[in-house]
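>>> Got a predicted structure here, sequence first:
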Amino acid sequence: MVLRRLLRKRWVLGVVFGLSLIYFLTSTLKQEERTILDRNLLEARDPDHRIPWKVRFNLGNSSRQITQCRNSIQGKTLLTDELGYVCDRNDLLVNGCCNVNAPSSRQYICKSCLANGCCNIYEHCVSCCLQPDKQPLLESFLNRAADGFQNLFTAVEDHFELCLAKCRTSSQSVQHENTYRNPQAKYCYGESPPELLPI
């Protein structure tokens, strides 16, 4: 009863309104500061940021000891390392590279990929994307990337990271936000989205 009477008084309502207004303005200004900081970080990145296309080491005929390899990590059975080798998970060496002497290891596999650069298997997409002859296609994509994608791809440091990001399922691979355009080719490194299969 006392609370009800107190809330009916205009000065109490004015205080509640004033505090709400102050809270709203401070949170809005903090959000604006964060947005400006994020924008400044993006602008601070070198606009001429070039992706190193060559991998730092080569397993081929080199007698050099390899220290570390990055790989695609997420596959249940298959993995792709940064040299473009695809191998079974159990053929992965301690340093993160595929064992090139294992029967399952193959470099630059495009076996499950279509001509438009869309693949059935994520690891094959990354491996195929890492082929040196795909560099002009990827450079062309980066030069024409939309502003929304520009923020994502400026964070990419090299060819391997670009292929990992490009091959992930993107909005271009889906239709109506809930079905794949082509369920057999949903991982794409190419410029065009998968062909739309009739339902």
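Arrived safely, thanks for sending.

>>> residue ranges for the strands of this structure, please.
Along the chain, the stretches classed as strands by DSSP state E are 78-80, 85-88, 106-107, 118-119, 174-175, 179-180, 187-188.

>>> and E195, which of those is closest to it?
strand 118-119 (8.2 Å; CB to CB). To be clear about C-beta, it is placed using only N, CA and C from the backbone, and glycine gets the same treatment.

>>> related to what we said a few turns ago, I'd like to know which of the strands of the chain is closest to L19.
strand 174-175 (45.0 Å).

>>> Would you pull up how far the closest one lies from the middle of the chain?
The chain centroid and the centroid of strand 174-175 are separated by 18 Å under CA atoms, centre = their mean, to the nearest Å.

>>> mind listing what that strand pairs with, with the direction of each?
Take DSSP bridges as the rule and strand 174-175 pairs in its sheet with strand 179-180 (antiparallel).

>>> Show the average pLDDT along the strand it pairs with.
For strand 179-180, mean pLDDT is 80.

>>> what does stretch 113-123 give?
On average, stretch 113-123 scores 90.

>>> Name the residues of that stretch that come out as buried.
113-114, 116-123 (16 or more other CB atoms under 10 Å).

>>> Neighbours of V126, how many?
Neighbour count of V126, defined by other CB atoms under 10 Å: 31.

>>> Once you drop chain neighbours, what's closest to it?
T80 (4.3 Å; CB to CB, 6 or more residues apart in numbering).

>>> if we can go back for a sec, among the buried residues of stretch 113-123, which are located in helices?
Of the buried residues of stretch 113-123, the ones assigned to helices by DSSP state H are 122-123.

>>> Show me which pair in the buried residues of stretch 113-123 is furthest apart.
Farthest apart among these - using CB to CB - are N116 and E123, which lie 18.4 Å from each other.

>>> And the most centrally placed residue in the chain, how close does it get to C97?
Nearest residue to the geometric centre of the chain (CA atoms, centre = their mean): A165, 3.1 Å. Here A165 is placed at a distance of 21 Å from C97 (CB to CB, to the nearest Å).

>>> Equivalent analysis for R168, please.
22 Å.

>>> Looking at those two, which is more packed in?
More neighbours surround C97 than the other of R168 and C97, with 24 against 15 (other CB under 10 Å).

>>> In this structure the more buried one contacts G84, no?
No: the pair C97 and G84 fails to qualify as a contact (CB atoms under 8 Å) at a distance of 11.0 Å.
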